[in-house]
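>>> got a predicted model here, sequence first, then my questions.
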Amino acid sequence: MDRAKSTKAAASELESHTGFWLRFVSNHVSHGFARKLLDSGVTVAEWVVLRQMYSRHEMPPSVLAGLIGMTRGAASKLVDRLLAKGLVTRQDRTDDRRFQDIALTPAGRQLVPRLAVIADENDAEFFAPLSLRERESLIATMKKLVQAHGLWKLPTE
């Protein structure tokens, strides 16, 4: 028996792993969405921040960081980018100048529904081969895994 063959363990194929297929699909959905966002000048990560802020009037950056599951530093960098684009504001709090609140600007608030249409169209286009029942089942399965593993960090890239 050849020595190299006897010490070589069998390795499962990439395609035999559920995680491979989840990542494969996720990457293509996300990259398609990122391409469609190019004209808006907003990245996927910035979209996630804008959408989380859309339902709220204002919040401290630390709350935003918790909502999206990022460090305060990473969230702060995203906020800085959105500030430069005129989509959010940052103001010192009146009760304690050590803290700040961030909020969407009118331009940011107007942009979110337009970006949501792009997100909806991207989903509809990519998942069109699935029936409504299959889509609902897929979402329910993903939610079950999220709950079972206590996942909470939002995907931003």
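Cool, got the structure. Numbers count the residues shown, from 1 in each chain.

>>> can you give the contact residues for stretch 26-34?
With contact meaning C-beta atoms under 8 Å, 6 or more residues apart in numbering, stretch 26-34 is reached by 43-44, 118-119, 122-123, 125-126, 155, 157. Glycine gets a C-beta too; all of them are placed from N, C-alpha and C.

>>> make that stretch 137-145, sorry
127, 130, 151.

>>> ranking by neighbours, what's the top pick from these?
Among the contacts of stretch 137-145, Phe127 has the most neighbours (other C-beta atoms under 10 Å), with 16 neighbours.

>>> element containing the nearest residue to that one once chain neighbours are set aside, please.
In this structure, Phe127 finds its nearest non-sequential neighbour in Arg135, 5.6 Å apart by C-beta to C-beta, 6 or more residues apart in numbering. Per DSSP states H and E, Arg135 falls inside helix 132-148.

>>> could I get the average pLDDT for that helix?
Mean per-residue pLDDT for helix 132-148: 96.

>>> likewise stretch 53-67?
For stretch 53-67, the per-residue pLDDT averages 89.

>>> report the buried residues of that stretch.
Within stretch 53-67, the residues scored as buried using 16 or more other C-beta atoms under 10 Å are 53, 58-59, 61, 63-65, 67.
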